[in-house]
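**Student:** I'll drop the sequence and a predicted model, then ask my questions.
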Amino acid sequence: MSGTENQIADILLPSASICVFSQDSDTIKSIELLKDDWRFARVDINIVDGGVDNAIEQFKKDGASDLIILQTDDIDDSFTGRLGELSNYCDDDTDAIIIGPVNDVYLYRQLIDMGVSDYLVRPISPEVIKEVIAKALISRLGVSDSRLVAFIGAKGGVGTSSLAQICSLIASDIMEQKTLLMDGGGGWSPLSVGMGFDPATTLPEVSNAVLSGDEDALERMFHDVSDKLTVLASGADTMLDPSISSKNYEAVIDNIMVKSPVVFVDLSSSESAIKKMVLSRAHHIIVISSPTVTSLRFCRSLLKEISEVRGGDIDDVSLVINQVGVCKANEVSNDDIEKALELAPSASIDNAPSLFFKYESEIMGIISDKDSSRLVTAFLPILGETISGEGNYIGDSEDKNSSIFGGFLNKLKPKSK
Ligand SMILES: Nc1ncnc2c1ncn2[C@@H]1O[C@H](COP(=O)(O)OP(=O)(O)OP(=O)(O)O)[C@@H](O)[C@H]1O
Ligand SMILES: [Mg+2]
C-alpha cells in the first residue's frame, strides 16, 4: 500500500464535484457531515432528494459530476437498465458508487462489471462513506498538489523566522488557507516561543515516526495554533548535537505535504544540507535580506546558489528587504539592490522594533495590531502568488483505467457495444 493510501484519512482531497441521489435521511445525514470535514474543503457536494431518474434528468441537463453516489431500493433489471441510460450522460472518467438494500454478490459483480466503483449496502456509517469517497477521488484525481514555501535569510538575524511566522498567520487567518509551519532548526527553533507552546518533540523523533509509519505518534507532534494554522511542535532537540539528515527531513516533508495544502518551512536555523534540499524542492522561495551591503553581498551569492540548485532560474523567488530604515545613512536603495542582484525586491518591510518586540513571544497578535497594516499589505500579493496552487493535482491519467475504480462509462461502453 502506498503512503498516500495509508494516510487516506488525513489527506486534503482534490477539487471535485460529487452528486448524491438518495431519499434516505440517514445516508443524506452521513454525507452532509462531509461538508464540515476539512479533508473535503475542495469537494463540492450536491445532494438531490431522488433516484436514478432524477440523476438522468440532471446529468442530461447539466452534465455529469466527477463522482455520482446513487442510492436505490430497486435492484432489478429495470434499475441496471436505467443505470445504463445514465452512463450515456456521464464523462469517460465519471465514477459511480451505488448504495443498495441488500448484500447481493451477483448484483455486486454485475455493477462492478458495468464500471461502478463500489456497491455499498445501507445503512452506511459516515466513516465508511468518507473512506470510500476519498479512495474514489484519489484514485481518479491523484493527491492534491500542496505548496511548499521556503523562507531563507541572506544571513543570520535578518528576521527570517519572524517573517515566516507572520506569513503563516496571514495565509491562515487572513487568506483562510489551511497552513502548516515547520522549521529545520531543531534545538534552535524559535517556533515554540513565537507561537506559545511547549516543544513536544525533536526532529529525530518526528523522522522516526514518519519512517516507521506511526501516524498516531505523529499526530501528537503538531500544535494547532488556530483552526487553519498548525505548527510542527519540534524544538526539544539538543542544541549542540547534529540534526537529522536531509533525506530524513525530506521524508517528513513528504508526509506533511499530503496532509496540508500549504507548507511553510523556516530555514533560518537549519543545517546547509536541509536548506539545499528544501530550496531545490520548494514551489516558492522567499529570500529575506536587510538593506545593508553585507547582507546584500550574501544575498547575491545565495541567489546564485539557489539558481544553480533549481536548474538555472530564480523565477519562483521573491526577495523581501526587511528592517528598512534601521540605519538610513548606510542602506542601499531598492533601485541599487535591483541592479546589484538583478532581482527587484517584491516587498520592503520597515524596521519597526516596537511592533516586533511587542509580539516576539506572542506573534499571533501581530497581524491584528493597528500598526501592522503595512506589513500585511506588503505580503498579501507575494503570498497570493505563492500559494495559488489551487486546482493543480498530480493526476495519474495513465493509471486511471487500470485502477480498481475504473471510469463508469469507460467500462460500461465496450460491454454494451
Ligand atoms: N522589521 C523588523 N523591525 C524590527 N525588528 C525586527 C524586524 N524583523 C525582525 N525583527 C526582530 O529581529 C530579531 C531577529 O529576528 P528573527 O529571529 O526572526 O531573525 P532570523 O533571521 O530568523 O534569525 P536567525 O538567523 O537567528 O534564525 C527579532 O528580535 C525580531 O523581532
Ligand atoms: Mg530564525
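**Tutor:** Structure's in. What do you need? Ligands and ions are numbered 1, 2, ... in the order given.

**Student:** Mind listing what's buried along stretch 39-50?
**Tutor:** Buried positions in stretch 39-50, judged by neighbour count with 16 or more other Cβ atoms under 10 Å: Arg39, Phe40, Arg42, Val43, Ile45, Ile47, Val48, Gly50. To be clear about C-beta, it is placed using only N, CA and C from the backbone, and glycine gets the same treatment.

**Student:** Flag every residue of the stretch 301-417 of the chain that's near ligand 1.
**Tutor:** Asn322, Gln323, Ile349, Asn351, Ala352, Pro353, Phe356, Phe357, Glu360 (Cβ under 6 Å from any ligand atom).

**Student:** Which residue comes closest to the first one once chain neighbours are left out?
**Tutor:** I take that to be Asn322. Gly159 (4.2 Å; Cβ to Cβ, 6 or more residues apart in numbering).

**Student:** thought that neighbour was touching Gly153?
**Tutor:** Yes: judged on Cβ atoms under 8 Å, Gly159 makes contact with Gly153 at a distance of 7.3 Å.

**Student:** Now do the shared contacts for these two.
**Tutor:** Listed contacts common to Gly159 and Gly153 are Ile288; contacts here mean Cβ atoms under 8 Å, 6 or more residues apart in numbering.

**Student:** who has more neighbours, these two?
**Tutor:** Per other Cβ atoms under 10 Å, whichever of Gly159 and Gly153 has more neighbours is Gly153, with 27 against 20.

**Student:** What residues does the residue nearest to the more buried one when sequence neighbours are not counted make contact with?
**Tutor:** Of all residues not flanking Gly153 in the chain, Thr160 sits nearest, at 3.7 Å (Cβ to Cβ, 6+ apart). For Thr160, the contacting residues are Phe151, Ile152, Gly153, Asp266, Leu267, Ser268, Ile288, by Cβ under 8 Å, 6+ apart.

**Student:** from these, which ones fall inside strands?
**Tutor:** Members of those lying in strands (criterion: DSSP state E): Phe151, Ile152, Gly153, Asp266, Ile288.

**Student:** Report the buried members of those.
**Tutor:** When the ones in strands among the contacts of Thr160 are checked for burial by 16+ other Cβ under 10 Å, the buried set is Phe151, Ile152, Gly153, Asp266, Ile288.

**Student:** which of these are close to ligand 1?
**Tutor:** Among those, ligand 1 is touched by Gly153 when using Cβ under 6 Å from any ligand atom.

**Student:** and the two most separated of the buried ones among the ones in strands among the contacts of Thr160?
**Tutor:** Largest separation among these by Cβ to Cβ: Asp266 and Ile288, giving 10.2 Å.
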